[in-house]
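Asks: could you work out the structure for the sequence below:
(chains A and B)
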Amino acid sequence: MPSDPLRTKFCDMLGIEFPVIAFTHCKDVAVSVINSGGFAVLGEAMHTPDDIASDIKWIRDRIDGKPFGIDLVLPASVPPADTLDQLEAKIPESHRKFAREIKEKYDVPDPKGAIDLHTWGGLNQQMARAQLEVLLDERVPVIASGLGNPGFFLETAHERGIKVFGLVGKARQAKRQLEAGVDAVIAQGYDAAGHTGAVGTFSIVPEIAAMAGDTPIIAAGGVTTGRHLAAALCLGASGVWTGTLWLASRESDIDMIIKERLLAATSADTSYGDSISGMTMRVLDCPWTQEWAKPDAPRALPPPYQMLLSADYIQGANDNRREDLMTEAAGQGVGFVTAMKPARQILFDLVEEALAAFEERVGELA
Amino acid sequence: MEQVKTQTSDARPGFDATVTGKRAECDGGHAIPGTRFAGRQEFTGTLTGEYVDHGEPAWRWYLLTDLTRKPDGYLDDSVWCESGNLFILDEGKS
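Replies: Here you go, the predicted structure:
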């Protein structure tokens, strides 16, 4: 066994101590992980360019020149345009009736203000470009593309000394991005929170590692323990991308009710479905997902219609902090998230568990 | 809510005859409004050859029509697909 099995080419590429990426929407989590020897990528897809610039400065002021990343969701397909009224008019009455029945059955309160979704404005190509320009101008160390192919801006990024990571759910997407010259590929399996492909982590990681040559492959989806980290490295990954792991950390800024639900959840308490947005995503079970999963429920509508339908429930639950109704994206590894620890401790526990797992195997082979 | 646009102020439409009529798959998707996440969507259809370039360096989007595969309930028969996520079917297994 190498003297330090956790020292990978990904660590060498970024000059970090541990091959662990924290994907988070919380700046405090990111800073803690970075200052503890890991790497962090801050999700900024829903932020304005000005907010992104402000967040970059906030992080830079606290990490003493260490590397960090920013994640954007570059769109990969867009439907034709419509106004809110036109969209609302296309929602069938049968679906509206079903949503009303859920609201009555579970006594779902009304949102306290205007529904965010109605005023959000959308993420079109122009907005995505404006977000991207901030990252290029700021010369952030790493740009991670959470969905679309980053090939079109790779040359510009590299000219400015920026590394680019691409997140993929299929081998052919990885092949395309590797050919374009990305600096790392995040291979995301079905276990993951939020949007996933249909291929499991155990299958997609070695498949993409086999075609990657010297480019680091990062395993994503269900990684919440040191054993997962050790297994990912054995599958050919050079690191892990973790999200759910940090949601219940002390620094995390999500609602305490959600933290408590995450800590109580088992791997069977997430559902993979399209009832919230019309796109498949993995979330903590809640009455809304359970009702739409029943055999007599209508089929979920495509986006954006299903989002318009679920927005009243989601925001009503969140605004009124109804524990029995709230939900959050979470991966299947949530079952191992059992204590609210500081992010630094989560990272160190992950590393120690991985080293112990390697030692255990070596001991058995000796 | 103003939904996604296919024509923006920095958009430059064009036509690429070399892809016209070719069957293609799109590994698509976009951010999910109201959440912090995104969703994937898959399409199969025929390229018209129409494209739009956004910004500089050009971010190219192709129009895929006559969709034979699209998400359940997808109401339109066309979709704009980012060129890096478009896979032309007669180019062999990729």
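
Asks: show me the shaky parts of chain B.
Replies: Applying pLDDT under 70 to chain B flags residues B:1-9, B:33-35, B:91-94.

Asks: let's see that with 90 instead.
Replies: Applying pLDDT under 90 to chain B flags the ranges B:1-12, B:29-41, B:54-57, B:71-77, B:90-94.

Asks: what segments of the chain are strands?
Replies: Because you didn't say which chain, this covers chain A. A:20-24, A:39-43, A:69-72, A:77-78, A:142-145, A:163-168, A:184-188, A:217-220, A:239-242, A:270-273, A:281-284 (DSSP state E).

Asks: looking at chain B here, not the other one
Replies: Using DSSP E, the strands of chain B run over B:11-15, B:23-31, B:38-54, B:59-69, B:78-82, B:86-88.

Asks: quick one on the thing from earlier: now for the strands of chain A, which one comes closest to chain B?
Replies: strand A:77-78 (2.7 Å; CB to the nearest CB). From N, CA and C alone the C-beta is placed, and that goes for glycine too.

Asks: regarding chain A, what is its longest helix?
Replies: helix A:343-365 (DSSP state H).

Asks: roughly how far apart are A:Ala192 and A:Val199?
Replies: A:Ala192 sits 11 Å away from A:Val199, going by CB to CB, to the nearest Å.

Asks: the more surrounded of these two?
Replies: A:Ala192 (30 against 20; other CB atoms under 10 Å in any protein chain shown).

Asks: which residues touch the more buried one?
Replies: With contacts defined as CB atoms under 8 Å, 6 or more residues apart in numbering or on different chains, the neighbours of A:Ala192 are A:201, A:220-222, A:243, A:282, A:331.

Asks: whichever of the residues you listed end up buried, select them in PyMOL.
Replies: The buried residues among these can be selected in PyMOL (16 or more other CB atoms under 10 Å in any protein chain shown) with this line:
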select buried, chain A and resi 201+220+221+222+243+282+331
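
Asks: in helices only, show me the contacts of A:Ala192.
Replies: If you go by DSSP H, the contacts of A:Ala192 have A:Thr201 in helices.

Asks: the contacts of A:Ala192 into CSV, with extra columns for distance to chain B and pLDDT?
Replies: Formatted as CSV, the contacts of A:Ala192 follow (distance: CB to the nearest CB, whole Å; pLDDT from 0 to 100):
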residue, distance to chain B, pLDDT
A:Thr201, 16, 94
A:Ala220, 13, 96
A:Gly221, 13, 93
A:Gly222, 16, 92
A:Gly243, 10, 94
A:Arg282, 9, 85
A:Gly331, 12, 85
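
Asks: from the contacts of A:Ala192, pick the one nearest A:Glu101.
Replies: Closest approach to A:Glu101 among the contacts of A:Ala192 (CB to CB): A:Arg282, at 25.0 Å.

Asks: list the beta-bridge partners for that closest one.
Replies: A:Gly194, A:Tyr272 (DSSP bridges).

Asks: mean pLDDT for the strands of chain A: which is lowest?
Replies: Of all the strands of chain A, the minimum mean pLDDT falls on strand A:77-78 (a mean of 80).

Asks: make a markdown table from the strands of chain B and add mean neighbour count to it.
Replies: Shown next, in a markdown table, are the strands of chain B (neighbours: other CB atoms under 10 Å in any protein chain shown):
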| stretch | mean neighbour count |
| --- | --- |
| strand B:11-15 | 13 |
| strand B:23-31 | 24 |
| strand B:38-54 | 20 |
| strand B:59-69 | 18 |
| strand B:78-82 | 24 |
| strand B:86-88 | 19 |
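
Asks: in a markdown table: the ones you listed, plus distance to A:Asp137.
Replies: Listed next are those as a markdown table, based on distance: least, CB to CB, whole Å:
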| stretch | distance to A:Asp137 |
| --- | --- |
| strand B:11-15 | 22 |
| strand B:23-31 | 22 |
| strand B:38-54 | 18 |
| strand B:59-69 | 17 |
| strand B:78-82 | 22 |
| strand B:86-88 | 29 |
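
Asks: who wins for proximity to A:Arg361 among those strands?
Replies: Nearest of the strands of chain B (CB to CB): strand B:38-54, 35.1 Å.

Asks: related to what we said a few turns ago, will you turn the strands of chain B into TSV that also has distance to chain A?
Replies: Below are the strands of chain B laid out as TSV (distance: least, CB to the nearest CB, whole Å):
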stretch	distance to chain A
strand B:11-15	8
strand B:23-31	3
strand B:38-54	2
strand B:59-69	5
strand B:78-82	5
strand B:86-88	6
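
Asks: doesn't A:Val29 make contact with A:Ala22?
Replies: Yes: counting by CB atoms under 8 Å, A:Ala22 does reach A:Val29; the two are 6.1 Å apart.

Asks: name the residues contacting each of those two.
Replies: Jointly contacting A:Ala22 and A:Val29 under the rule CB under 8 Å, 6+ apart are A:40, A:246, A:343.

Asks: list the contacts of the last one.
Replies: Counting by CB under 8 Å, 6+ apart, A:Ala343 touches A:22, A:28-29, A:32-33, A:36, A:246, A:249-252.

Asks: state the pair within those that is farthest apart.
Replies: Checking the contacts of A:Ala343 with CB to CB, the most distant pair is A:Ser36 and A:Ser252, at 15.1 Å.

Asks: not counting sequence-adjacent ones, nearest residue to A:Ala157?
Replies: Once flanking residues are discounted, A:Ala157 sits nearest to A:Val164: 5.0 Å by CB to CB, 6 or more residues apart in numbering or on different chains.
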